[in-house]
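Q: Got a predicted structure here, sequence first:
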Amino acid sequence: MLKGQKALVTGANSGIGKATAIALGRAGADVVVNFVSGQEAADAVVKEITAAGVRAYAHEADVSDEKQVVAMTRRMVEEFGTIDILVANAGLQRDAAFTDMTLAQWQKVIDVNLTGQFLCAREAVKEFLRRGVVPEVSRAAGKIVCMSSVHQDIPWAGHVNYASSKGGVQMMMETLAQELAPKKIRVNAVAPGAIKTPINTDAWDTPDAERDLLTLIPYARVGEPDDIAHAVAVLASDLMDYVVGTTLYVDGGMTLFPGFATGG
């Protein structure tokens, strides 16, 4: 499905990023595994990807640092020849009640979750435009998948920085899609719901917590990283070539306002 393509996945040494990087490798892409800490975990992901018969390497970089993002993209072009797919996945939370939230907590989340996606997308697009469409590789000059969240739509008390960052990702993605579609660059997003990852362990790692969480999910199960990874892999492929500027919600129905299922 992605044979011969070159993919960069940010925040790829754990959780959704890890599953996505592995899924892209299994679909035939060579993969750069970006991480900001946890070299051993990143190396393990690389090992799993290369077991599929493709190339991969780990690259440490803070996506909120412009110089590090530029250097990461430059190295990828040097080692792999180009970039075809960017999965802008790196993200974090710094939770607090609104009146207790510090400027540092606000800024850190915006810097990584939103500015980080901007920087990675900008550098990827420069390479897409330089190279153009290679029909035997893909119908598009390049594909960007922004990792958003159901909280681009659902307000989330106690997480104003995170929800604001994801609302920003939605509008950034749609604006980029509008601007870049004439250049044969596809920009889309995936919005996970509740997924079992290290970022939200407290929400699902006990029977009581999982039971409470399931009241928000009509499909009656908490998602797994592979649920997101498979969606990203298909969205980045030519099977979805006519999909532009769309957010694919992978949430078990969380955005269906389940509290109204009994009539409100």
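A: Yes, it's here. Numbering: from 1, shown residues only.

Q: quick one, what contacts Ile228?
A: Ile16, Ala19, Thr20, Met147, Val190, Pro192, Ile195, Val250 (C-beta atoms under 8 Å, 6 or more residues apart in numbering). Where C-beta positions appear, they are placed from N, C-alpha and C, glycine not excepted.

Q: which stretches of this structure form helices?
A: 15-26, 39-50, 66-80, 103-110, 116-131, 160-180, 207-214, 225-235 (DSSP state H).

Q: Including distance to Ala220, neighbour count and pLDDT, could the contacts of Ile228 go into JSON lines?
A: Formatted as JSON lines, the entries for these read as follows, by distance: C-beta to C-beta, whole Å; neighbours: other C-beta atoms under 10 Å; pLDDT from 0 to 100:
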{"residue": "Ile16", "distance to Ala220": "21", "neighbour count": "29", "pLDDT": "98"}
{"residue": "Ala19", "distance to Ala220": "21", "neighbour count": "25", "pLDDT": "98"}
{"residue": "Thr20", "distance to Ala220": "24", "neighbour count": "30", "pLDDT": "98"}
{"residue": "Met147", "distance to Ala220": "24", "neighbour count": "25", "pLDDT": "98"}
{"residue": "Val190", "distance to Ala220": "21", "neighbour count": "25", "pLDDT": "98"}
{"residue": "Pro192", "distance to Ala220": "17", "neighbour count": "24", "pLDDT": "98"}
{"residue": "Ile195", "distance to Ala220": "15", "neighbour count": "23", "pLDDT": "96"}
{"residue": "Val250", "distance to Ala220": "15", "neighbour count": "20", "pLDDT": "98"}
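
Q: what would those residues look like in CSV with distance to Gln5?
A: Below are these laid out as CSV (distance: C-beta to C-beta, whole Å):
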residue, distance to Gln5
Ile16, 20
Ala19, 18
Thr20, 14
Met147, 19
Val190, 18
Pro192, 23
Ile195, 25
Val250, 22
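
Q: Among those residues, which one sits closest to Ala140?
A: When the contacts of Ile228 are compared for distance to Ala140 (C-beta to C-beta), Val190 comes out closest, at 16.8 Å.
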